[in-house]
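Participant: Prediction below, plus the sequence it came from.
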Amino acid sequence: MSRPPPTVAAPLAANDMVQRPSDSQWGDIVQQLGAEIAGPLSGALERIHALISTGQIDRQGLRALRDAVAQAREAGMVSQQLARLASGRLRLSREPVSLTQVLRGVLAQRSRETQARGIQIRQLLQPIEVMTDASLLFSLLNAVMDWALTNTHSSLEMRLDLTPWPAKARLMCRFAHRSLDLGSAPSSAINEPPESLNSLTWRLIEQTALTIGALPLREDEAGITMLTLEFPHLAGDEPGAQHGPAPVAPPDRPELDDPTPSHNSKPLAGCHLLIVSPRRELRQEIQAAVRHMGLIIDAVASMDEALEFCEEGLPHGIAFEQSLRDADFDRLRADITGEVPNFSFVEVMDGDLQTQLSTATADHMARISRQNLQDALPSVLLFELSKAL
């Protein structure tokens, strides 16, 4: 028996949306990847050799070692997302998404990071809804923030509006990539953009934008960078578009069409999960269960460490052991949800327990039994972390 036609357009392959970069362009990206990983790791290796030879390392040297490893890890994470885009097998869904709401959510999620760096963000956002892939849009906006926060010397201006006819959604990110106090520096030093603007993260912005059909335009002039992303497909402009939220799995049985996505279909690539457990074996089990999802993963052993970790910037979700649910956890949760009301917490419990999503619990926290981590945790995280999209 034949099925009725769907009410929305079928998912499109990434290659159906845009022309793929040439082999030489991907070659340049791979070469840049090698440089951005090898550079920091070479510096870290030198410090390790110095530590071995002298047996001493000061606080500044330890911080530099940590920063070098973090830079190499970030480059590796970006490469995972680029590999996902380059695979040619990425499937896109097109649905109405509030660009304004997703952007505000990203800015709220990154507010601690911006405050810790002393960076102010000016927001001028019109309410605009576009037709796009929500997961890739979320990744794109986070990549823009990563890139802009790394390169700005003062503040960020985020502006969202519509172009004149034909109407397109236009997101503009403006910042100073040079210090405004250059004194008598030559004009070439002011007009020449720094190499950091052309980092792997910029490559990720370009390729993610092109994949979802957005046009990335960048201008670097007189120490100022202006990135403009144009989204040509507004919600309501396309026939057969489905309005309203996409259906989700029933609360008591989180399921996916494919509970173990392939390497080339990582819907949460770039999202950040913090694991909190005093037991090393449990931290390893959680990490192993979601290893294939492309998540950025950090792990700490206590709520005190989690509090310290979150002071500099929030992850997108926290998976924590049941035994750590105490006054320190309550303080951490109240602090985080005061900034990000829909923040995702997943409680990992011992014993036989039915998996529950946050929509099915009184305290709006997801719960999962330790014995179900391998089978159910990917589905739970896909639902919980997608709430921010």
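Facilitator: That came through fine.
Participant: Who does L227 form a beta bridge with?
Facilitator: L227 forms beta bridges with C173, R218, as assigned by DSSP bridges.
Participant: what's the answer for M349, then?
Facilitator: Beta bridges link M349 to S369, judged by DSSP bridges.
Participant: For it, give me its contacts.
Facilitator: Q322, R367, I368, S369, R370 (Cβ atoms under 8 Å, 6 or more residues apart in numbering). Every C-beta, even on glycine, is put in place using the N, C-alpha and C of the backbone.
Participant: ok, the third one - how many residues close by?
Facilitator: Translated: I368. Applying other Cβ atoms under 10 Å, we find 26 residues neighbouring I368.
Participant: Which among the contacts of M349 count as buried?
Facilitator: Taking 16 or more other Cβ atoms under 10 Å as the criterion, what is buried in those is R367, I368, S369, R370.
Participant: per-residue confidence for the third one?
Facilitator: Looking at S369, its pLDDT reads 94.
Participant: Pull the contacting residues for the closest residue to M365 other than its chain neighbours.
Facilitator: Computed as Cβ to Cβ, 6 or more residues apart in numbering, the closest residue to M365 that is not its neighbour in sequence is F345, at 4.6 Å. Taking Cβ under 8 Å, 6+ apart, we find F345 in contact with G317, I318, A319, F320, R333, S358, M365, A366.
Participant: Name the SS class of D161, please.
Facilitator: What DSSP: H, G, I helix; E, B strand; the rest coil gives for D161 is strand.
Participant: give me the beta-bridge partners of it?
Facilitator: R170.
Participant: what's the burial count for it?
Facilitator: 13.
Participant: That one is in contact with Q126, isn't it?
Facilitator: Yes - the criterion here is Cβ atoms under 8 Å, and D161 meets it with Q126 at 5.0 Å.
Participant: Which element, helix or strand, includes the closest residue in space to V276 that isn't next to it in sequence?
Facilitator: Leaving aside its sequence neighbours, V276 sits nearest to F320 (Cβ to Cβ, 6+ apart; 4.0 Å). Assigned by DSSP states H and E, F320 belongs to strand 317-321.
Participant: what packs against that strand?
Facilitator: strand 272-276, helix 303-312, strand 344-349, helix 373-386 (3 or more Cβ pairs under 8 Å, 6 or more residues apart in numbering; DSSP states H and E).
Participant: one more time with 7 Å, if that's ok
Facilitator: Under the contact criterion of 3 or more Cβ pairs under 7 Å, 6 or more residues apart in numbering; DSSP states H and E, strand 317-321 touches strand 272-276, strand 344-349, helix 373-386.
Participant: Before I go, just wanted to say thanks for your time.
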